[in-house]
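Peer 1: Sequence and computational prediction follow.
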Amino acid sequence: MTRFLAFAAALPLLLAGCGTAQAERAVPIPAAARDVPATAGMQTAVLAGGCFWGMEAVFQQVKGVRDVIAGYAGGTPQTANYGAVSSETTRHAEAIRITYDPRVVSYGTLLRVYFSIAHDPTQLNRQGPDSGTSYRSAIFPQTPEQRAVAAAYIAQLGQAHAFAQPIVTRLEAGRFYPAESYHQDFFRRNPTHPYIVRWDKPKVAGFRTAFPQLAMR
């Protein structure tokens, strides 16, 4: 089911709650025991965890993040468009590409935000009202070091029983392709959109409450 179909089905409920956006509760999890060493210059991370509007919005709040692009990862360039991806036949996931300064925020810290509040890593092929493989929880490591850190952190969280259910996040390979322009900065450009108010503003508020030391002022 695409986000827009889910949105239409839930529209009466969303409109009823459109005036409020309480903070979503972040899951308290430990910092990553292993991390990618900081280096000079920008680095990139590619993460998938449901609707890219909310993922983009959360990571745009993080100190040290210079840019966040919504897009698709895991499939081919020919099918990297919303119409095709919504068919759930392309192998693409809705994803974001984060450009960040590793001297300010580490890859492990980005993963902590990702698992704690940006999405629910225990939901298989869905997030909130959206279902389908394009909404899966997946990390697309950009370097061998990132892959090792992500794998170690998933194992660490599993051993700590940080979540009531098993983590289903997959480590995948595949190029990232930017999404259509109307998807970029959707949260900032559409702050009163009912979907944003119901699902994404609570995530942003939850991040700022749980991680004030990481949040941009």
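Peer 2: Arrived safely. Numbers count the residues shown, from 1 in each chain.

Peer 1: And residue 44, how close does it get to residue 97?
Peer 2: According to Cβ to Cβ, to the nearest Å, residue 44 and residue 97 sit 6 Å apart. Using the backbone N, CA and C atoms, a C-beta is placed for each residue, glycine as well.

Peer 1: the more surrounded of the two?
Peer 2: Each of residue 44 and residue 97 has its neighbours counted (other Cβ atoms under 10 Å); residue 97 has more, 22 against 17.

Peer 1: can you pull the contacts of the closest residue to residue 72 other than its chain neighbours?
Peer 2: What sits nearest to residue 72 in space, not counting adjacent residues and going by Cβ to Cβ, 6 or more residues apart in numbering, is residue 92, at 4.1 Å. By Cβ atoms under 8 Å, 6 or more residues apart in numbering, the contact list for residue 92 reads 72-75, 79-80, 84-85, 134, 177.

Peer 1: Out of the residues you listed, give me the two with the largest separation.
Peer 2: Across the contacts of residue 92, the longest distance by Cβ to Cβ is 13.7 Å; it joins 73 and 84.

Peer 1: of these two, who's got more company?
Peer 2: Taking neighbours as other Cβ under 10 Å, residue 73 and residue 84 compare with residue 73 leading, 24 against 17.

Peer 1: The closest residue to residue 30 other than its chain neighbours: how many residues sit nearby?
Peer 2: Using Cβ to Cβ, 6+ apart and skipping the chain neighbours, the partner closest in space to residue 30 is residue 160 (6.3 Å). Counted by other Cβ under 10 Å, the residues lying close to residue 160 total 10.

Peer 1: and what of residue 173?
Peer 2: Counted with other Cβ under 10 Å, residue 173 comes out at 9.
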